[in-house]
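S.K.: Sequence plus predicted model, see below.
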Amino acid sequence: MIQSGSFNAQMLDASGIYYYPHLGSTNTEACRLAEEGAPGGTVVLADAQSAGRGRRGRSWHSPPGKGIYFSLLLRPPGTGPAAASPVTLAAAAAVARQLRECTGMQAAVKWPNDLLIGQKKIGGILTETRTSRQVLLYIVMGIGLNINHRAEDFPAELRRRATSLYLESGLTFERTTLFLDLLKGLRHCLDLFFKEGFAPFQPLWKELSATLGNDVKLAGQDEAVQGKAVDLDAEGALLIEDDRGQRHRIFCGEIV
Ligand code: BTN
């Protein structure tokens with residue numbers, strides 16, 4: 001891919017994408033647009049975020065000229081909150097596959113929402129939903145990817161755990177084209193997800209998994225669950241087998 005410093009605003013405009021050089025958080029902006037009645041499919045992209053948000057109240061470091069930070073507004077008709085819940089897993093598999101196809105890098109998925117290369121995090125997904133009386137009003141799916149970051153672009157405390165396409169390959173990637181390709185693949189997969197659920201994604205997720213076969217410990221559960229991650233079922237639950245051979249079906253949480 002050719003080298004480039006900034007997003008091509010004209011290409012983004014022509015694709016109907018809300019593009020901002022600086023924003024607090026693309027998720028916050030997409031939620032605001034959703035509340036104003038923006039249609040499903042609306043996309044918000046920023047070159048830099050000053051208040052990028054991660055899961056569990058963490059921040060998402062989003063320096064200018066380096067990454068891809070975007071949010072997609074989804075309004076799936078006739079989908080309830082429970083049916084929508086594995087959407088993040090499907091999206092992670094879709095983005096990892098697209099990253100492999102577009103860059104040749106061995107991107108992988110770590111349950112539930114992380115994208116890795118090797119053992120290090122290259123991206124993450126923050127999915128936020130708004131419901132009313134058990135009816136899903138909308139989903140905002142926010143995706144952050146580390147693309148052209150040098151080591152010094154990460155805060156010192158992240159350098160051990162985070163990586164970028166540049167750090168893994170020595171190549172600088174043209175972000176507009178990469179983003180539009182990722183978005184195309186992601187939209188296609190989300191259409192499939194809202195028609196057929198998670199089942200069609202189960203084999204892909206397993207193929208791209210950096211979690212299965214590992215000893216894991218889960219945070220975010222009422223009870224601590226620890227054991228080997230042995231499988232992912234067709235509903236997106238992670239199956240963990242503890243040292244007594246008992247299997248736990250886990251739908252949410254975080255591997256620590
Ligand atoms: C995580 O791994 O904790 C999820 C990180 C999600 C970060 C993205 S960047 C674009 C979008 N806007 C945000 O404020 N957060 C998400």
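M.R.: Here it is on my side, so go on. Everything numeric in this text was worked out from a predicted model, so none of it was measured. Numbering: from 1, shown residues only.
S.K.: so which strand or helix has the closest residue to residue 92 other than its chain neighbours?
M.R.: In space, and not counting its chain neighbours, residue 92 is closest to residue 109: 4.6 Å by CB to CB, 6 or more residues apart in numbering. Placement of C-beta: from N, CA and C, glycine included. In this assignment (DSSP states H and E), residue 109 forms part of strand 107-110.
S.K.: for that strand, what is the average pLDDT?
M.R.: Strand 107-110 carries an average pLDDT of 98.
S.K.: Who does the residue nearest to residue 92 form a beta bridge with?
M.R.: For residue 109, the beta-bridge partners under DSSP bridges are residue 115, residue 209.
S.K.: and the residue of the chain at minimum distance from the ligand, what helix or strand is that in?
M.R.: Nearest to the ligand in the chain, going by CB to the nearest ligand atom, is residue 124, at a distance of 2.0 Å. Residue 124 belongs to strand 120-132 when elements are defined using DSSP H and E.
S.K.: Got the phi and psi for residue 133?
M.R.: phi 50, psi 50 (degrees, to the nearest 10).
S.K.: ditto for residue 198
M.R.: Residue 198 adopts backbone torsions of phi -80, psi -20, taken as degrees, to the nearest 10.
S.K.: OK, contacts around the closest residue to it other than its chain neighbours?
M.R.: Spatial nearest neighbour of residue 198, chain neighbours left out: residue 86 (4.1 Å); criterion: CB to CB, 6+ apart. By CB atoms under 8 Å, 6 or more residues apart in numbering, the contact set of residue 86 is 193, 197, 198, 201, 235, 236.
S.K.: Among these, which one lies nearest to residue 35?
M.R.: Using CB to CB, residue 193 comes nearest to residue 35 of those, at 23.9 Å.
S.K.: Now residue 239: which helix or strand?
M.R.: Under the assignment here (DSSP H and E), residue 239 is part of strand 238-241.
S.K.: which residues are in contact with the helix or strand just after that strand?
M.R.: Per DSSP H and E, strand 238-241 leads on to strand 247-250 as the next helix or strand towards the C-terminus. The contact list for strand 247-250 (CB under 8 Å, 6+ apart) reads 218, 221, 225, 227, 230, 233, 237, 238, 239, 240, 241, 242.
S.K.: Now with 10 Å, please.
M.R.: Contact with strand 247-250 is made by 111-112, 216, 218, 220-221, 223, 225-227, 229-233, 235-242, as judged by CB atoms under 10 Å, 6 or more residues apart in numbering.
S.K.: Which of the three states applies to residue 180?
M.R.: For residue 180, the secondary-structure state derived from DSSP: H, G, I helix; E, B strand; the rest coil is helix.
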